[in-house]
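[1] below is the sequence, then the predicted model.
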Amino acid sequence: MRLSQIDPSSYSNADELIIRHVDLDWTVNFEKSTLSGSASLYFKTLRDDVEEIFLDSSELDIASMAIKTSAGEVPVSWDVGSPVENIGSKLTVYLPTKTSGEFTLVVEYETSPKASALQWLTAEQTCGKKHPYLFSQCQAIHARSIVPCQDTPAVKFTYNATLRHPAGVTGLMSAVKKKSETGVSYFEQKTPIPSYLLAIVVGALVEKSIGPISSVWAEQEQIDESAEEFSQTAQFIAEAENICGPYVWGRYDLLVMPPSFPFGGMENPCLTFVTPTLLAGDKSLATVVAHEIAHSWTGNLVTNRNFEHFWLNEGFTVFVEGKIVGRMFGNAARDFHALHGLSELTDCIKTQLADTPDLTKLVVDLSDCSPDDAFSTVPYIKGSTFLRYLEDLLGGPEKFEPFFRSYLNTFKFKSVMTDDFKKALYDWFREDPQNEVFLERIDWDRWLTGTGMPPVIPNYDRSLLDACQKHSTLWAENDLETIKASPLLSEKLTSIQIIEFLAQLLEKKKIQDLTPEKLKLLDETYHIHKTKNAEIRFRFVRLYIRARMLDKMEEILAFANSNFRMKFVRPVYKELAGWPEAKPMAVENYNKVKDQMMSVCAYTSLLKGKLKRENLKKKKEKTKNKKANRLIP
Ligand SMILES: CC/C=C\C/C=C\C[C@@H](O)/C=C/C=C/C=C\[C@@H](O)CCCC(=O)O
Ligand SMILES: [Zn+2]
């Protein structure tokens, strides 16, 4: 079911009125695990005589609501619809009179201790062990669990916030801090944002400067290594500005999160959240920061109108990330980065999305699927591959980048659909009639609604990939003695090449004699036990699983418990579920640690396969019934 015309995942009647600004006054209650206070929503009607406001909400305890106009404040009544799993409840506000123009809705409320956007950590769960910690993750549709709102990226608003928290901790938000007093911080976000970019963190945080507009924030124990790992931040920003135009958000700070943060990074404006699994010690995973910086334009300035068009956020961002890599490390590195993305996409389509081919489309149908269930690497990699294909087709970076900048400039502060991009592309390139023949070649249907891998793979420079291929073939197709004798073993691979080589090894249907001895040699050859690189460890524990090494279960589960980044946790559990001897231990471990995971991670790690299969079964039955009905004369 589509909840509204504009957005299948939002109840809001954003075709009738929109939120332009929000004032938040929140008190952080660590003892109750709640936020309490008020949200003032400044509305502008888009048509005359609006009678009701439909908002999104999830488990909010609402104490009062009032409408404020220049004439004064009037209490209003409301109704909370029955909750729908992974969606929340429709919140209907009844306006006292037919309303046009501008007005404010003031809501006094408290969040649930189970608010899906929030994670509350006890002091023991932090590095410093002295203070509790709170953080949020609102994308895609979890903002509704911390504020009643039009929780759709079709609507953008500015916000101010007053944050009251215990005196010994620091509060930060996805905004610029204007002032702080003991136990109170004041924030301002002057650039309109969609609700999914609201963010809050409260904890024992310290700051270290890493550039003219940037600091890294972390717990004291990780601050120095974080500053070192992300020392390229200012250069990433400079390259991104060169590609996309001026940076408008004032500050670009980084926050190194606790290990339970479910994603690699989250592009919260002014304050990107990153997983500590990026702390590899050699900056080899810092391209995630380049990615989050790129979002300052693609996603945060030009935003997908709903999550069916998520590729407009992520595909565009990976495309810019690749360009930053190219400018800083050369085109061979850019192309290797893209080829590595394609390996990840192949793996994702074959494993995570094997039962749901519709989710391999670039533009998906989210009518009966929550965005969290649809999330995959497809919009990232298929999307960026499409843009690279267009760039190559339409004359290379020299011709494409001016168009790209103009697209960003035209749609900044707005929310867009795929057709807006398509029209902008045609408007720009049709200026030169010579482009017509190339424009005609673009098979939009296959790219946007075709399933599976991208229909065209660009002609990438494969020089850095070749070594990975040689190594994976050596290890997959030979016995131990032949491998030991190979001169390849003394060839050095970079961390990223090791990641790709292991990914390729995992891709092979059959690895000859995947024995403990072989894995021991592999470990020694590439110094896997010494590495801090989580991407390498992640792939190596999957090899242990493939080799059915029960004696490595402790190590496998230690990795699964070392962080709750979904990219790592979900495939590990999925593979363990397919190994009958290990499954009971995996289930037991999951049950032990699931309360330390964010709800999105706990929910998608174990249930997803089952739920998807059930939905598919239901869909098939529906189609069968429809067909049967058609046969009835
Ligand atoms: C076609 C997909 C439709 C909707 C998905 C939209 C949002 C999904 C929701 O689960 C939130 C995603 C947040 C992502 C944040 C950061 C990513 O870049 C992280 C990528 C994975 C990782 O590196 O850990
Ligand atoms: Zn992203």
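    That came through, no problem. Residues are numbered from 1 along each chain as shown. Ligands and ions are numbered 1, 2, ... in the order given.

[2] Met453 falls within a strand, correct?
    No. If the criterion is DSSP: H, G, I helix; E, B strand; the rest coil, then Met453 is coil and not within a strand.

[3] any idea how far it lies from ligand 1?
    Using Cβ to the nearest ligand atom, to the nearest Å, Met453 is found at 16 Å from ligand 1. In short, each C-beta sits where N, CA and C put it, glycine included.

[4] wait, doesn't that residue sit right on Asp347?
    No. Here Met453 lies out of contact with Asp347, judged by Cβ atoms under 8 Å, at a distance of 11.4 Å.

[5] can I get stretch 549-560 in PDB, CA atoms only?
    The C-alpha trace of stretch 549-560 is given here as PDB (Å, rounded to 0.1, in the frame of the first residue of the first chain):
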ATOM      1  CA  MET A 549      36.000 -24.500  10.600                       C
ATOM      2  CA  LEU A 550      34.000 -25.100  13.800                       C
ATOM      3  CA  ASP A 551      37.200 -24.500  15.900                       C
ATOM      4  CA  LYS A 552      37.200 -20.900  14.600                       C
ATOM      5  CA  MET A 553      33.600 -20.200  15.800                       C
ATOM      6  CA  GLU A 554      34.900 -18.200  18.700                       C
ATOM      7  CA  GLU A 555      36.800 -15.900  16.400                       C
ATOM      8  CA  ILE A 556      33.900 -15.700  14.000                       C
ATOM      9  CA  LEU A 557      31.500 -14.700  16.700                       C
ATOM     10  CA  ALA A 558      34.100 -12.300  18.200                       C
ATOM     11  CA  PHE A 559      34.000 -10.500  14.900                       C
ATOM     12  CA  ALA A 560      30.200 -10.500  14.800                       C
END
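
[6] quick one: mean pLDDT over it.
    Average pLDDT, stretch 549-560: 98.

[7] list the buried residues for it?
    Met549, Lys552, Met553, Ile556, Leu557, Phe559, Ala560 (16 or more other Cβ atoms under 10 Å).

[8] got TSV for those, with distance to ligand 1 and secondary structure too?
    Listed next are the buried residues of stretch 549-560 as TSV, based on distance: Cβ to the nearest ligand atom, whole Å; DSSP: H, G, I helix; E, B strand; the rest coil:
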residue	distance to ligand 1	secondary structure
Met549	26	coil
Lys552	24	helix
Met553	24	helix
Ile556	19	helix
Leu557	20	helix
Phe559	15	helix
Ala560	15	helix
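
[9] pull the most distant pair out of the residues you listed.
    The most widely separated members of the buried residues of stretch 549-560, counting by Cβ to Cβ, are Met549 and Ala560 (14.9 Å).

[10] ok, and the helix or strand in the chain with the lowest average confidence?
    helix 608-631 (a mean of 47; mean pLDDT, DSSP states H and E).

[11] any buried residues in the helix or strand hosting Val320, and which?
    Of the helices and strands defined by DSSP states H and E, Val320 is found in helix 311-329. Neighbour counts over helix 311-329 (16+ other Cβ under 10 Å) mark 311-328 as buried.

[12] then stretch 20-35?
    Neighbour count says stretch 20-35 has 21-30, 33-35 buried, by 16+ other Cβ under 10 Å.

[13] show me where the stretch 401-550 of the chain has strands.
    Using DSSP state E, counting those that start in this stretch, the strands of the stretch 401-550 of the chain run over 414-416.

[14] so who does the one residue in it that gets nearest to ligand 1 touch?
    Taking Cβ to the nearest ligand atom as the measure, the stretch 401-550 of the chain has Glu535 as its residue closest to ligand 1, at 9.6 Å. Taking Cβ atoms under 8 Å, 6 or more residues apart in numbering as the criterion, Glu535 is in contact with Thr277, Ala280, Leu285, Ser495, Ile499.

[15] ok, the spatially closest residue to Pro379 that is not a sequence neighbour to ligand 1 distance?
    Sequence neighbours aside, Trp311 is the residue nearest to Pro379 in space, at 3.8 Å (criterion: Cβ to Cβ, 6 or more residues apart in numbering). Distance, Trp311 to ligand 1, by Cβ to the nearest ligand atom: 7 Å.

[16] my read: Trp311 touches Val363, true?
    Yes. Assessed by Cβ under 8 Å, Trp311 is found in contact with Val363 at 7.0 Å.

[17] identify the contacts common to these two.
    Common neighbours of Trp311 and Val363 (Cβ under 8 Å, 6+ apart) are Thr418.

[18] let me see the contact set for the residue of the stretch 101-250 of the chain at minimum distance from ligand 1.
    Closest contact between the stretch 101-250 of the chain and ligand 1, by Cβ to the nearest ligand atom, is at Ala140 (3.4 Å). Contacts for Ala140 (Cβ under 8 Å, 6+ apart) come out as Ser9, Tyr196, Phe307, Phe310, Pro371, Asp372, Phe375.

[19] do I have it right that Glu292 meets Glu267?
    Yes. Using Cβ under 8 Å, Glu292 makes contact with Glu267 at a distance of 4.8 Å.
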